[in-house]
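Enquirer: Model the structure of this input:
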Amino acid sequence: MINMLLKAALTLVILTRMVDLYPLETRRGPASCPVLPLGLNLPASQRILPSDVNEDLFRPERNQRPVPDLMKSILLSPTSPPTVPSETSASRRVDMLCHLDRVYVRVLKSLFNNPNAWQYLKLGTCPVNQARDEHYYFLYYLNSCNVTRQENENEVIYSNTLSYEPASTELVVRELPFSLSLECHYNKYYRSYQFGYMPQVVPQTVFWRLDTGFSITPVDELWKPLASGSSYVIGQPVYFEAKAPWSPEGQRPYLNNCYISSAIGSTPKYTVLNNYGCMIESKKSTQTKFHASDEKSTLRFSVGAFVFKDMISQPAENKVMAIHCEMALGPEKPTPSLKSCWYNMDTKRAYYPRYQQYLGAGLP
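Expert: Numbering: from 1, shown residues only. The predicted structure is shown next:
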C-alpha cells in the first residue's frame, strides 16, 4: 500500500513540475526568444530505506501542494562525491557477485603454492566447481552450501565462509589455513521511480457486511412484533415474518433453506426448510406452514416450537433457539427452484400460500 501511495505521489510531483500555464518565458530585448524551463533530471530508480518512508508524506491529495523538502531528498538523487579509483576486479584476490538466486565467487590461483589447492578450498560446504588459468570458481544457488540467512528492517543478508584448510602429514607447514566471511546484501524495498504508472486492478471477491434490509422477525398470531423475552410451549406455533426492503415489479421474496440451532452454540442444527422453499418440517408438525400475505414484499410462516434433546435438562435461560434462513428475490409465480410450499396433512399435498395451488411432488 505504501509502495503504491509513493508512486502515485511521485506521479503528482512530475506533473506539478512539468505543467505550467506559461511554459514559454519571453526575454525582453532586441533579441528576444522563447526559452523552455528545464525539467528535473530524475534517476530511473532509487533505493530507499523503510525508515525514510512516511505514509502521510506520500499520501495523494486533491489539488496541488508544494513538494516538501523531505520528499525532495528521497526522490532526488544526491550529488555523488568524486570516486577514487579502486583496484580492478581482475586484480582482486577474491571476487564475489550476488545474483538474484545464486552467488558467484572466484579466487586467484596465485594465492596458493599447492597446485592441488582446489581440493582444500570450500565455500561453506561446497567445493570448487570450475578452474581456469588464473582463478578457481564457485557458482551455486543462493540458499545452498550451508548458507546463513538473516534479515533486518532494510535488508536480507545471506552469509557464508570461504575457507582454505590444506592437509599436511609432514613435520612442517608450507601453507597456512584461512577463512573469509562473505555476504550478499539485498534491499527489501525499492520505493521511487522516474515515471508514475497506472495500477492494474485484479478482479477478486470482496466480502462486505450484509446490511441490505432483508429481515426475519418473530411475530404473534396477528403478525405484530413480539415483546422482548417472549417464550413458547413445545408444540405451540412460532410465527415469523420475512421481509425484503423492496420488491421489484413482478417479484417477491423466497426462502431457499432454513435451519434452527441453539442461540448459544452453532450446533446441533435442525433443517426445517430446504429444496428451494419446501417446508419439510410440515410433514411432521401441523403448526409448520406458510401463511398468505397481501404485501408482495412479505413472506409469512410458522414453525412448531421444539427443543433439542440435550437442552431438556438445561435451565430456562439456556433454552434459546435461533432460526437461520437464506432469502432471495424471484418471480411472483413460483417455480421449481423458487417456491414457498408446505405439506397439508389433510389433503396429502404441497401448497403455495398465495395461489393455493397444488405443486405436486415438491416435498420429499
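
Enquirer: Tell me how far the nearest residue to residue 144 once chain neighbours are set aside lies from residue 158.
Expert: Nearest non-adjacent residue to residue 144, counting by CB to CB, 6 or more residues apart in numbering: residue 126, 6.6 Å away. To be clear about C-beta, it is placed using only N, CA and C from the backbone, and glycine gets the same treatment. Per CB to CB, to the nearest Å, residue 126 is found 13 Å from residue 158.

Enquirer: Identify the bridge partners of residue 140.
Expert: Under the criterion DSSP bridges, residue 140 forms beta bridges with residue 103.

Enquirer: ugh, wrong one, residue 343
Expert: The partner residues for residue 343, given DSSP bridges, come to residue 350.

Enquirer: burial count for it?
Expert: 23 (other CB atoms under 10 Å).

Enquirer: Can we start the residue count at 779 from this point?
Expert: All right, first residue 779 from here; so that's residue 1121.

Enquirer: check contacts around it.
Expert: Contacts for residue 1121 (CB atoms under 8 Å, 6 or more residues apart in numbering) come out as 1057-1058, 1060-1061, 1127-1128, 1141.

Enquirer: need these in CSV with distance to residue 949, can you?
Expert: Listed next are the contacts of residue 1121 as CSV, based on distance: CB to CB, whole Å:
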residue, distance to residue 949
1057, 101
1058, 97
1060, 103
1061, 102
1127, 110
1128, 105
1141, 101
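
Enquirer: Go through these and name the one with the lowest pLDDT.
Expert: Lowest in pLDDT among the contacts of residue 1121 is residue 1141, which has 48.

Enquirer: in stretch 913-932, what's buried?
Expert: Neighbour counts over stretch 913-932 (16 or more other CB atoms under 10 Å) mark 913-914, 916-918, 920, 923, 925, 932 as buried.

Enquirer: Filter those residues down to just the ones in strands.
Expert: Mapping these onto strands (DSSP state E) picks out 913-914, 916-918.

Enquirer: Now tabulate those residues in CSV and tack on distance to residue 1071 and pLDDT.
Expert: Below are these laid out as CSV (distance: CB to CB, whole Å; pLDDT from 0 to 100):
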residue, distance to residue 1071, pLDDT
913, 90, 94
914, 89, 95
916, 82, 95
917, 79, 94
918, 76, 95
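
Enquirer: So which of those is the closest to residue 955?
Expert: Proximity of those to residue 955 (CB to CB) peaks at residue 914, which lies at 15.8 Å.
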